[in-house]
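K.L.:
Sequence below, structure please.
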Amino acid sequence: MVACVSISNIHCFKENLLTAQYRLRYREVIRKEKWDDIYVLKDMEFDQYDNPATEYYIARNEAGDVVGVTRSYPTTIPYMLSDNFRYLFSEGLPQNHKILEASRLVLDRSLLTKEERTPVVDRLLVAYMERGLQRGVEGYVGFMLPKIWENTFLRVGWKVKWLGPEKELENTGYKVRAGYMPVNPIMEQIIREKTGIYESVLKFGERYAEEMNEPLQSAYYSQSQDSLALKVA
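P.N.:
Sure, this is the predicted structure:
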């Protein structure tokens, strides 16, 4: 499952998942990738886009270890692409309450074998889609290396609209590309069929149900004998 964590429901989880995902990011992007000019505090990596507006999707293994994380962020306030990577866009930058920025997709490469990483990525991508539909989002924007696009969104059938050509990141030599990932029920069905994940993947905390008058609705697909039927739980 994937924990959906924000400032509004962090108290619903028994563990401090925000701290755990900051520490995972530190291990992967600071220790292994040697990123610099990044905020670090007590073995935690964070930036200015980790704030009360951020929502995190955190994957854990059966032992409860955090093994993957990604996040979403509004485009109606300054966001990472608008602040630092405007040159990746051929046209104007998105600024819409129904378009979110997707960023910081990180896996624990020490705990996960290469074979185990793909299912974790699949769950995180389904979480993006599932949560986007719940929130009435029209799409996400983000940027990645071409090979990472291929191994994530494109691999699961997410039809990415390119927002500009591949361009080199300043002072790195790496080429990246910005894209728009639409959110809608048809795209959800494609992604669920590609990943084989038909159940709801999101969890909002052990104490979440106790505080809600009614459960949060979640659209997901279940496989019947003859076809896929859209259900609401």
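K.L.:
Could you pull up the residues touching the residue nearest the centre of the chain?
P.N.:
Nearest to the geometric centre of the chain sits Thr70, at 3.8 Å (CA atoms, centre = their mean). Applying CB atoms under 8 Å, 6 or more residues apart in numbering to Thr70 gives the contacts Tyr56, Tyr57, Ala102, Ser103, Arg104, Leu105, Val106, Leu124, Ala127, Tyr128. Where C-beta positions appear, they are placed from N, C-alpha and C, glycine not excepted.
K.L.:
Quick check: strands, which of the residues you listed are part of them?
P.N.:
Tyr56, Tyr57, Ala102, Ser103, Arg104, Leu105, Val106 (DSSP state E).
K.L.:
can you map out the helices along this protein?
P.N.:
Using DSSP state H, the helices of the chain run over residues 17-25, 80-84, 114-135, 146-151, 185-195, 208-211.
K.L.:
pLDDT on the fifth one, on average?
P.N.:
Which is helix 185-195. What helix 185-195 shows for mean pLDDT is 98.
K.L.:
can you list the weak-confidence ranges in the protein?
P.N.:
31-42, 209-233 (pLDDT under 70).
K.L.:
Give the closest residue to His97 in space, chain neighbours not counted.
P.N.:
Thr76 (5.2 Å; CB to CB, 6 or more residues apart in numbering).
K.L.:
Turn the helices of the chain into a markdown table, including mean neighbour count.
P.N.:
Listed next are those as a markdown table, based on neighbours: other CB atoms under 10 Å:
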| stretch | mean neighbour count |
| --- | --- |
| helix 17-25 | 21 |
| helix 80-84 | 15 |
| helix 114-135 | 20 |
| helix 146-151 | 14 |
| helix 185-195 | 17 |
| helix 208-211 | 12 |
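K.L.:
and those helices as CSV, adding distance to Ile10?
P.N.:
As requested, the helices of the chain are exported to CSV (distance: least, CB to CB, whole Å):
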stretch, distance to Ile10
helix 17-25, 6
helix 80-84, 22
helix 114-135, 16
helix 146-151, 28
helix 185-195, 27
helix 208-211, 11
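K.L.:
Starting from Phe89, give me the distance back to the closest residue to Cys12 other than its chain neighbours.
P.N.:
Spatial nearest neighbour of Cys12, excluding adjacent residues (CB to CB, 6+ apart): Gly205 at 2.6 Å. Between Gly205 and Phe89 the distance is 36 Å, computed by CB to CB, to the nearest Å.
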